[in-house]
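Engineer: Got a sequence here, can you build the structure:
(one chain, ligands or ions: 1)
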Amino acid sequence: MASMVAEDEGEGKGPPRAIQDLLKEAGQERVVRFWGELSDGERRALCDQVESLKLGEVRGYLDAARESALRGEGQGAPEPVGADQVCSRSALSADKREEYVAEGLGLIAEGKVGVVLMAGGQGTRLGTKLPKGCVDLGLSDSRTLFRVQAERISRLQSLAASAKFGEGAEVRNPVMWYIMLSDATRVHTERYFRENSYFGLNESQVRMFNQGKLPCVTEQGEVLLESRGKVAEAPDGNGGIYEALLVSGCLQSMRERGVEYVDCYCVDNLLAKIADPLLVGYCSKFGADLGCRTLAKSSPNERVGVFVKSGGGGVGVVEYSELDPEMSARVANPTTGELYYNWSNICMQYYTVDFLERVCREGRAALGHHLAVKTIPTVDGEARGVKLEQFIFDVFHLATRSCLLEVRREEEFAPIKSEIESATAALAALEKKWAESGSTEDFHAWWYLLP
Ligand code: UTP
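Structural biologist: Prediction:
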């Protein structure tokens, strides 16, 4: 591209012909309206950006998202999953629990379980410039979400090695940790891991990859400029994970390393029980290709998606922002107060790599885009604009055999959204319980193996 700019540009000249054609075809010629005021470097950067973003497709995404929303409205309310579709962790017999945990630990020890972390979000609500995973949580040892999660993985792999190969056995197959980042989080995260020597993990077991990005647009579909020489862009949503896993080669890496199951989670859950052996064992014994953790919603206003039925006995999810508030508040059981849309999606799920590969290669068409109307900083000041996002759960209905496991909120779900304190308080409460239990295990071992 650089050479093309050098050839075509000059005093008074417009952008390179190829860029002009591309913008014309996309109906986005105004992207270069400040061309005459840009330096050579800015021009080059803008051309590169225009080429890398899917400008030609963006109006189509917008129209399709609107059509799909209208179609959804026409179809009436989706049916929620019932309690009969949910297996409760607490309801498992001690024997079953032990069987699943042993199975899960065995698979982890053999290197058959990988973890995928989604850490590409911009963390707007928390209002920090740092990636969420790097923010000091105000706990002892300058703990951050990344540090805590690395320590968990480290402890889990040694627990698994001991269970499989004998007490104190060394880790033969470190758990692979695939971390999805975005332009907003990549550079800082990489540096943070390097400067902290990967928190004791092997550098080779940590693989970072970037998700895609999309331009931000006006509600009419015109691409917004962040500055005179830069298009406003945003990560393509957590559903970007499927394309990113494929394009980055992470899927191939899983195959090469013999990873057969993956546990996928969000960076912001301070109590994420990463690769929980019980869940892994349960799902693999059940023969599930998708296994989602779920919780009863704490209140109608809780900002979580809910599980609904999809054709063929599978599950789907409706995001909170897309569920009518009246429907969210509908009560199924007046005595217990249980909500009609009761089972929430905490966005932590197990996949077989076979299913993941099928989705990444063939299922991405099911993803579509969702519209989030946001205030976006632009060259003309703050403007109302639209971010286009894909949702990770829009392929869940493609699973042949899926299961939902109810976990305990106080043990497994403490997301950091607009503040940190509620999550750290939940962790402190759990640590207190551990201290009072008289357990001879360290906290992580106690927590991972809780009945
Ligand atoms: P959220 O939707 O809560 O977004 O992401 P966020 O970026 O953390 O916070 P806000 O909405 O801007 O305040 C849930 C999870 O999905 C990841 C986030 O990093 C978080 O782990 N995510 C979200 C991505 O990895 N990529 C995205 O494009 C969006």
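
Engineer: The stretch 301-450 of the chain: strands as residue ranges?
Structural biologist: Applying DSSP state E, counting those that start in this stretch to the stretch 301-450 of the chain gives strands spanning 305-309, 315-318, 331-333, 338-339, 343-352, 370-378, 381-389, 402-406.

Engineer: and the last one, which strands flank it?
Structural biologist: Taking DSSP bridges as the criterion, strand 402-406 forms sheet pairs with strand 86-88 (parallel), strand 290-296 (parallel).

Engineer: again, but for the shortest one
Structural biologist: Partner strands for strand 338-339, per DSSP bridges, with pairing direction: strand 331-333 (antiparallel).

Engineer: average pLDDT for the partner strand?
Structural biologist: Mean pLDDT, computed over strand 331-333, is 93.

Engineer: rewinding a little: a markdown table for the strands paired with strand 402-406, including mean pLDDT, mean neighbour count and distance to residue 203?
Structural biologist: Every residue, glycine included, has its C-beta placed from N, CA and C. Listed next are the strands paired with strand 402-406 as a markdown table, based on pLDDT from 0 to 100; neighbours: other CB atoms under 10 Å; distance: least, CB to CB, whole Å:
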| stretch | mean pLDDT | mean neighbour count | distance to residue 203 |
| --- | --- | --- | --- |
| strand 86-88 | 96 | 17 | 38 |
| strand 290-296 | 98 | 23 | 29 |
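
Engineer: With respect to the ligand, which of those strands lies nearest?
Structural biologist: strand 290-296 (14.3 Å; CB to the nearest ligand atom).

Engineer: How far off centre is that closest one?
Structural biologist: Mean C-alpha position of strand 290-296 versus that of the full chain (CA atoms, centre = their mean, to the nearest Å) differs by 15 Å.

Engineer: so can I have a markdown table of the strands paired with strand 402-406 showing distance to the ligand?
Structural biologist: Compiled in a markdown table, these are given as follows (distance: least, CB to the nearest ligand atom, whole Å):
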| stretch | distance to the ligand |
| --- | --- |
| strand 86-88 | 22 |
| strand 290-296 | 14 |
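
Engineer: could these go into TSV alongside distance to residue 173?
Structural biologist: Below are the strands paired with strand 402-406 laid out as TSV (distance: least, CB to CB, whole Å):
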stretch	distance to residue 173
strand 86-88	28
strand 290-296	21
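
Engineer: Ok, which of those comes nearest residue 170?
Structural biologist: Taking CB to CB, strand 290-296 is the member of the strands paired with strand 402-406 nearest to residue 170, at 29.4 Å.

Engineer: Check the gap between residue 50 and residue 387 for me.
Structural biologist: Distance from residue 50 to residue 387, counting by CB to CB, to the nearest Å: 18 Å.

Engineer: cool, and residue 95?
Structural biologist: Going from residue 95 to residue 387 by CB to CB gives 48 Å.

Engineer: Can you report how many residues neighbour the closest residue to the ligand within the stretch 251-400 of the chain?
Structural biologist: Per CB to the nearest ligand atom, residue 266 is where the stretch 251-400 of the chain lies closest to the ligand, at 3.2 Å. Using other CB atoms under 10 Å, residue 266 has 19 neighbouring residues.

Engineer: ditto for the one 5 residues further on
Structural biologist: Here the count is done by other CB under 10 Å, and residue 271 has 20 residues near it.

Engineer: Now do the same contact list for it.
Structural biologist: 411-414, 423, 426-427, 430 (CB atoms under 8 Å, 6 or more residues apart in numbering).

Engineer: thinking the residue of the stretch 251-400 of the chain closest to the ligand is in contact with residue 304, fair?
Structural biologist: No: taking contacts as CB atoms under 8 Å, residue 266 lies outside contact range of residue 304: 11.3 Å.

Engineer: nearest spatial neighbour of residue 131, skipping sequence neighbours?
Structural biologist: residue 185 (3.8 Å; CB to CB, 6 or more residues apart in numbering).

Engineer: for residue 402, same thing?
Structural biologist: Counting by CB to CB, 6+ apart, residue 290 is the residue found nearest to residue 402 once chain neighbours are left out, at 4.2 Å.

Engineer: So what sits opposite the one you found in the bridge?
Structural biologist: Beta-bridge partners of residue 290, as defined by DSSP bridges: residue 351, residue 402.

Engineer: need the contact list for it.
Structural biologist: Residues in contact with residue 290 (CB under 8 Å, 6+ apart) are 315, 349-352, 355, 396, 399, 401-403.

Engineer: Next: residue 448.
Structural biologist: Residues near residue 448 by CB under 8 Å, 6+ apart: 155-156, 159, 273, 276-277.

Engineer: Just the ones of those residues in helices?
Structural biologist: Using DSSP state H, 155-156, 159, 277 are the members of these that sit in helices.

Engineer: Show me which pair in those is furthest apart.
Structural biologist: Spatially, the most separated pair among these is 155 and 277, at 11.9 Å (CB to CB).

Engineer: For these two, work out which one has more neighbours and name it.
Structural biologist: Each of residue 155 and residue 277 has its neighbours counted (other CB under 10 Å); residue 277 has more, 25 against 16.

Engineer: got a list of what the more buried one touches?
Structural biologist: 100-101, 103-105, 108, 156, 159-160, 448 are the contacts of residue 277 under CB under 8 Å, 6+ apart.

Engineer: Over to residue 107: give its phi and psi.
Structural biologist: phi -60, psi -40 (degrees, to the nearest 10).

Engineer: Spatially nearest residue to it (excluding sequence neighbours)?
Structural biologist: Excluding the flanking residues, the one nearest residue 107 by CB to CB, 6+ apart is residue 113, at 5.2 Å.

Engineer: I'd say the one you found and residue 259 touch.
Structural biologist: Yes: using CB under 8 Å, residue 113 is in contact with residue 259, at 6.9 Å.

Engineer: which one of these two has more residues nearby?
Structural biologist: Taking other CB under 10 Å, residue 113 and residue 259 do not tie; residue 113 has more neighbours (28 against 24).

Engineer: List the contacts of the more buried one.
Structural biologist: Counted by CB under 8 Å, 6+ apart, residue 113 has contacts 104, 107, 175, 259-263, 275, 280.

Engineer: do residue 125 as well
Structural biologist: 417-418.

Engineer: What residues does this structure have near the ligand?
Structural biologist: 118-125, 132, 180, 182, 211, 235, 237-238, 240, 266-268, 417 (CB under 6 Å from any ligand atom).

Engineer: and residue 445, how many residues sit next to it?
Structural biologist: Each residue near residue 445 was counted by other CB under 10 Å, and the total is 17.
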